[in-house]
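In: Dropping the sequence and predicted coords here.
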2 protein chains.
Amino acid sequence: MSFSPRIETLIESLRCLPGVGRKSAQRMALQILERDRQGGARLAESLQDALAHVGSCNLCRNHSETDICLTCASPRRDKGKLCIVESPADVLAIDQSTGYDGLYFVLMGHLSPLDGIGPDNLGLPSLFKRLQEEAIAEVIIATNPTVEGEATAHFMHEHIKDLAAGNIHVSRIAHGVPIGGELEYVDGGTLAHAFAGRKAW
Amino acid sequence: MSFSPRIETLIESLRCLPGVGRKSAQRMALQILERDRQGGARLAESLQDALAHVGSCNLCRNHSETDICLTCASPRRDKGKLCIVESPADVLAIDQSTGYDGLYFVLMGHLSPLDGIGPDNLGLPSLFKRLQEEAIAEVIIATNPTVEGEATAHFMHEHIKDLAAGNIHVSRIAHGVPIGGELEYVDGGTLAHAFAGRKAW
C-alpha cells in the first residue's frame, strides 16, 4: 500500500527541493494536506508567480523582475566598483554585512570544464566587454574559496589584467582564519594560507 | 538590500513547510530559480492538483481522492478488524511492516482539550456508531505512545467497552524496548514499562 496517486505525485515533486528526501517530502505533503492547505495554495501560487516573472538582470545576471535589477539601476550605487560573485545568495550576504556600495556581477556558477561550464556560460564575454567600455576603476573578485572558485578567479584576473593594462584595480577578498573562531579548530589549509599571508602590523 | 519582491514572497511561502526556516527557504527558492525551474513548475502544479482533489475518506477519514478510499473499498481487506491510528503516515507505516490486513480508522490527531480538540473533532461519534452497526470483531488501538495518545486510547477503550458489552476484542499495540537497540540507551520510562509488562516465556 502507498498513498493515493496525487499525494505520491506531490511527494515526488517536493523532492526537487534541496535537502529533501523521501521521508521529509512525505512529512511536508501530509502537513500541508492535514494542517496548512492555505499555506500550500499560497506556496503553489508564489512558485508560479516567481517562475513566470523572475528572470535575469541584463547587466549583472542576478535574478530580477525587470530588465535591469534594482541594484544596477540604483543611483546611490558607486558605478566605479564591481564585485564579482558566484551566486545571488553571495550578493545578499556581502550587501548585508560589508557596507559595500558598488555594483555586482553574478556568474551564476563557476568554471567547470568537466561539466561543460566555460566562460560563455558564466557571461564572462559581456563582463570583459563592460570592463572595457565603462569607467570601472575597481574590480573585487569574491568567488568562493573552493578549487573551482579559485580557478575562476584566476582566469578572470588574467583576462582583466590583459585588457585593462593596469587601469583597473583588481582585488580578491582576503582568505584566512575566520573571526571569532579558535585556531585549534581551523582546518590546516586555511591556517597555512593565513600564516603564509600574514600582514605587517 | 533584499531579494526582489516575488522571490521574497516565494521564500516566505516555503516556510509553511515543516522544518524549513528562513535560510533553508532561501536556499530552496534560489535552487529552483537557478537550477530547477521545471521541478518548481511541477511542484506548483502537483500542489494545486493535490489540494483540489484530495479530501477525506467517508469511512476511515484518511486522505482520499474518492469518497471511499482504496483501502476501505478493497475486497481483499478483512472487514472484521479495525486499527485506529492518529495520522495517515501511521497507516502507511503499519501497512508496510506488519502484514495487517484489516481496515483503518484515522483520527487525524489526538484528544487535546487545551487546544479545543474533543471527540467530535476526531470523528469518534461516527467510529462508535460504526462499531455498533457493523460486524467488527477486533479493534486494535495504535495511537502514539505519548501522553495525549495514551489518553485518547483510554477514552476510546472505555467507550468501546461500554457499547460493545464484550463483543469486540479491543487491544493496544505493545510498548517496550525497541528491537535492535541496547538497554543502556533506552529511556527510563520505556524500560520501566517494559519491565512491569514482562511476559512469561
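Out: Arrived safely. Numbers count the residues shown, from 1 in each chain, chains lettered A, B, ... in the order given.
In: Spit out the contact partners of the residue nearest the centre of chain A.
Out: Note on chain A: the residue nearest the mean C-alpha position is A:Ser87, at 1.0 Å, using CA atoms, centre = their mean. Listed by CB atoms under 8 Å, 6 or more residues apart in numbering or on different chains, the contact set of A:Ser87 reads A:Val106, A:Leu107, A:Met108, A:Gly109, B:Leu30, B:Glu34. (Glycine included, C-beta is placed from N, CA and C.)
In: Narrow these to those in helices?
Out: Of the contacts of A:Ser87, the ones assigned to helices by DSSP state H are B:Leu30, B:Glu34.
In: Most widely separated two among the contacts of A:Ser87?
Out: For these, the farthest-apart pair by CB to CB is A:Leu107 and B:Leu30; their separation is 13.9 Å.
In: Check which residues of whichever strand or helix holds A:Glu158 are buried.
Out: Using DSSP states H and E, A:Glu158 sits in helix A:147-164. By 16 or more other CB atoms under 10 Å in any protein chain shown, the buried positions in helix A:147-164 come out as A:Glu148, A:Gly149, A:Glu150, A:Thr152, A:Ala153, A:Phe155, A:Met156, A:His159, A:Ile160, A:Ala164.
In: hang on, the last one packs against A:Leu131?
Out: Yes. Taking CB atoms under 8 Å as the definition, A:Ala164 is a contact partner of A:Leu131 at 6.3 Å.
In: hang on, the earlier thing: and the helix holding A:Glu158, how far out from the chain middle?
Out: Relative to its parent chain, helix A:147-164 has a centroid offset of 17 Å by CA atoms, centre = their mean, to the nearest Å.
In: Do a quick rundown of the helices in chain A.
Out: Using DSSP H, the helices found in chain A span residues A:5-14, A:22-35, A:37-53, A:70-73, A:88-98, A:124-133, A:147-164, A:188-196.
In: which of those helices is buried the deepest?
Out: When the helices of chain A are scored by mean count of other CB atoms under 10 Å in any protein chain shown, the highest mean neighbour count falls to helix A:5-14 (a mean of 20).
In: quick one, domains of chain A?
Out: When chain A is parsed with automatic domain parsing, its domains come out as A:5-53, A:63-196.
In: start to end distance for the last one?
Out: By that I understand domain A:63-196. 38 Å (CA to CA, to the nearest Å).
In: Ramachandran angles for A:Gly21?
Out: Dihedral pair for A:Gly21: phi -100, psi -170, per degrees, to the nearest 10.
In: Which neighbouring elements make contact with the longest strand anywhere in chain A?
Out: In chain A, with assignment by DSSP state E, the single longest strand is strand A:78-85. Using 3 or more CB pairs under 8 Å, 6 or more residues apart in numbering or on different chains; DSSP states H and E, the elements in contact with strand A:78-85 are helix A:88-98, strand A:102-106, strand A:138-141.
In: Okay, buried residues for that strand please.
Out: Burial within strand A:78-85, assessed by neighbour count using 16+ other CB under 10 Å, is assigned to A:Lys81, A:Leu82, A:Cys83, A:Ile84, A:Val85.
In: in its sheet, what does it sit against?
Out: Strand A:78-85 has the following strand partners under DSSP bridges: strand A:102-106 (parallel), strand A:138-141 (parallel).
In: could I get the shortest one in CSV with only the CA atoms?
Out: What follows is strand A:138-141, C-alpha atoms only, in CSV (Å, rounded to 0.1, in the frame of the first residue of the first chain):
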residue,chain,number,x,y,z
GLU,A,138,38.0,48.7,-9.2
VAL,A,139,37.0,45.0,-9.5
ILE,A,140,36.7,42.9,-6.4
ILE,A,141,36.7,39.2,-7.0
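In: low-scoring stretches of chain A, by residue?
Out: A:1 (pLDDT under 70).
In: try 90
Out: Counting by pLDDT under 90, chain A has low-confidence residues at A:1-4, A:35, A:92-100, A:131-135, A:145-146, A:160-168, A:172-201.
In: ok, now which ones touch the nearest residue to A:His159 once chain neighbours are set aside?
Out: Nearest residue to A:His159 in three dimensions, chain neighbours excluded: A:Phe128, at 5.9 Å (CB to CB, 6 or more residues apart in numbering or on different chains). A:Phe128 makes contact with A:His159, A:Ile160, A:Leu163 under the criterion CB under 8 Å, 6+ apart.
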